[in-house]
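> Let's see this in three dimensions:
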Amino acid sequence: MALFARLRRKKVNPALTSASGETGSTSLLISQLATLAPGLMPSHVHFAEKYITSLGMDRSALKVPEIQQLFHLAGLNPTLDSIEQLLQESGQEASSVQNIRVFLSLWSKYLSSSHEERLLTQAFTFFDRNGDGSISTQEFEEVMTELGDKLTREECQLFIKLIDKDGDDQVQFGEFLSALKKDSMAGIMNSESVKALGDGHPTVEVNRMANATSYSNFDTPDRDK
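The predicted model follows:
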């Protein structure tokens, strides 16, 4: 059985079938992802719901700057112009407010236009075992073992600490995406925090962990155990 079979993207065109004000429950959105936002996973819906709620946004009336803010929290950096372009391509009025369904569709379209970010999204979903939108030390350790690179609990905790920006001991999607991009990972490997931790933890092989979690490892959906 292919290890990455569940990471295959369903090649179905996104369709916004609900009226502007009808957003649907979280479970309904998840059940409709294949047609609404191909390539996204339940963890993306949970991520969107979490930050829309915590930031006091209206899931049925998102403004373009709010959509951009959600993208930034997910580690993506589209301009307002590019978001408006995506809206126009989706048949939406850029000047009007949008609902969470439209946001998820835009997220899918944006990722499909970026190979690197799409692969990182697939990688995050694979590590996020319970689909709650974050990666715990235990999940990271289990997946690394499956990938044939068994790490100690100390090594896993170190890697999580290097990527975790908000100090909650978990890696959120935005943290994972921004940290594991090629340019960002190079910065992490050369950071003072890595050097300091390395001096006190001589057995920790940070570069080995970075290579094992590289998004390029997820470019082959049929990779077997």
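> Residues contacting stretch 131-148, please?
The contact list for stretch 131-148, computed with CB atoms under 8 Å, 6 or more residues apart in numbering, reads 3, 41-44, 46-47, 50, 124, 126-130, 150-151, 153, 156-157, 159-160, 168-173, 176, 209, 212-213, 217, 225. For every residue, glycine as well, the C-beta is placed using N, CA and C.
> Buried members of those into PyMOL, please.
Here is the PyMOL selection string for the buried members of the contacts of stretch 131-148, based on 16 or more other CB atoms under 10 Å:
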select buried, resi 41+42+43+44+46+47+124+126+127+128+151+156+157+159+160+170+171+172+173+176+209+212+213
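> Can you pick out the ones from the contacts of stretch 131-148 that are in helices?
The members of these that map onto helices under DSSP state H are 42-44, 46-47, 50, 124, 126-127, 153, 156-157, 159-160, 173, 176, 209, 212.
> Between the two ends of stretch 48-68, how far is it?
Taking CA to CA, to the nearest Å, stretch 48-68 runs 12 Å from one end to the other.
> How about stretch 55-71?
With CA to CA as the measure, stretch 55-71 spans 13 Å from end to end.
> what about residue 98, neighbour count?
By the measure other CB atoms under 10 Å, the count of residues near residue 98 is 25.
> partners of it in the sheet?
Taking DSSP bridges as the rule, residue 98 bridges to residue 62.
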